[in-house]
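Novice: quick one, structure for this:
(4 chains)
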There are 2 protein chains.
Amino acid sequence: MSQFSLDDFLPYQLAVVSARVSREFSQIYAEHFDMTVPEWRVLVHLHNAGPVSIREIQARVDMDKSKVSRAASRLEKAGFLTKETNAEDRRLLKLGLTEQGYARMEQIIPLADEFEQRLLKRMGADTDAFRDTLLKLLKEDS
Amino acid sequence: MSQFSLDDFLPYQLAVVSARVSREFSQIYAEHFDMTVPEWRVLVHLHNAGPVSIREIQARVDMDKSKVSRAASRLEKAGFLTKETNAEDRRLLKLGLTEQGYARMEQIIPLADEFEQRLLKRMGADTDAFRDTLLKLLKEDS
DNA sequence: TTGACATCGTTGCATTTGCAACGATACAAT
DNA sequence: ATTGTATCGTTGCAAATGCAACGATGTCAA
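Specialist: Sure, this is the predicted structure:
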């Protein structure tokens, strides 16, 4: 009879830690603002990259395009971003932050930084090695 | 104006890696058998721990009790486990693997082992340190 | 030009999810 | 015994999710 411990199973460990960390962080900003993880990701990317299409966000932020689309619609209705069609390729949208969108990010980013600092403190000195290993896991196949 | 890179944000990195790894693994066994992640977790725990309650699984496997309950019902209908009420405390159930349930685990566990070996190979030598750091992230507060 | 094919963003739909009831059972205090 | 409180597993429900259409637009070749 084979032995197998779920506790030591790497995919399980990753899932548990990721879910807990993500939950912890989302509680921080859900407490102050009303925002979901997809919305947070869309706003962050727009804040960094400037006006881009749904497709571009989808690729850079690891979310299905329908998820990006719906998050963008909610954010538009809430006044954090605007949609306009790209004049050069009218299939594309150009999403851009509004003043209010920038202001909101300026409020949240410090909270994100602070949260990450707390995580790093928990992790101790091994931070860089940990991140490197994490990225190795993304490599396909083999 | 503050700078913030989602790519370097630890909760995001964790979420992406975890989702990818989990997806990759679930494809492996969804290809051979018809099973979801919650069902896999329930079966694994029963395989290790013997007959236990829903509550026990919930605590040890990091899932909401409704999730455990529904997974257990599906597994019961599929013939992989049985439910009986605990005689000493009739609020509790006692879930136990059937012959078929054991057989299914004996099929899947080798696939899980093989998959983990592939992950470890990707990660290189830093495996142990990585796991340690991962667990540190679970420590509450501060 | 036309036609075949690809890509964009949205939406419909079935499934899954988290959360809050709920009934049933246990237990402790009076 | 009765009452109040806690815990168990299930279920209802609203929201979120992934996936596959779909219409609209672009591209390229004949």
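
Novice: excluding covalently adjacent residues, which one is nearest to the residue nearest in space to the middle of chain A?
Specialist: By Cα atoms, centre = their mean, chain A has its centre lying nearest to residue A:41, at 3.6 Å. Of all residues beyond its chain neighbours, the one nearest residue A:41 is residue A:61 (4.7 Å), with distances taken as Cβ to Cβ, 6 or more residues apart in numbering or on different chains. In short, each C-beta sits where N, CA and C put it, glycine included.

Novice: who are the neighbours in contact with residue A:127?
Specialist: The contact partners of residue A:127, by Cβ atoms under 8 Å, 6 or more residues apart in numbering or on different chains, come to A:120, B:133.

Novice: against DNA strand C, how distant is it?
Specialist: From residue A:127 across to DNA strand C, the span is 28 Å (Cβ to the nearest atom of the strand, to the nearest Å).

Novice: burial of the residue nearest to residue A:41, as a residue count?
Specialist: Burial of residue A:61 is recorded as 21 neighbouring residues (other Cβ atoms under 10 Å in any protein chain shown).

Novice: ramachandran coordinates for it?
Specialist: phi -130, psi 0 (degrees, to the nearest 10).

Novice: surely it meets residue A:47?
Specialist: No - proximity of residue A:61 to residue A:47 does not meet the contact threshold set by Cβ atoms under 8 Å, at 11.9 Å.

Novice: let's verify residue A:96: helix, strand, or coil?
Specialist: At residue A:96 the chain is in strand, as set by DSSP: H, G, I helix; E, B strand; the rest coil.

Novice: picking that back up, wait, a strand at the residue nearest to the centre of chain A?
Specialist: No - assigned with three-state DSSP, residue A:41 falls outside any strand and is helix.

Novice: which element is the residue in chain A positioned nearest to chain B on?
Specialist: For chain A, the residue positioned closest to chain B under Cβ to the nearest Cβ is residue A:18, at a distance of 3.7 Å. Residue A:18 belongs to helix A:10-32 when elements are defined using DSSP states H and E.

Novice: which elements pack onto that helix?
Specialist: The elements that helix A:10-32 packs onto, with contact taken as 3 or more Cβ pairs under 8 Å, 6 or more residues apart in numbering or on different chains; DSSP states H and E, are helix A:37-49, helix A:99-123, helix B:10-32, helix B:99-123, helix B:127-136.
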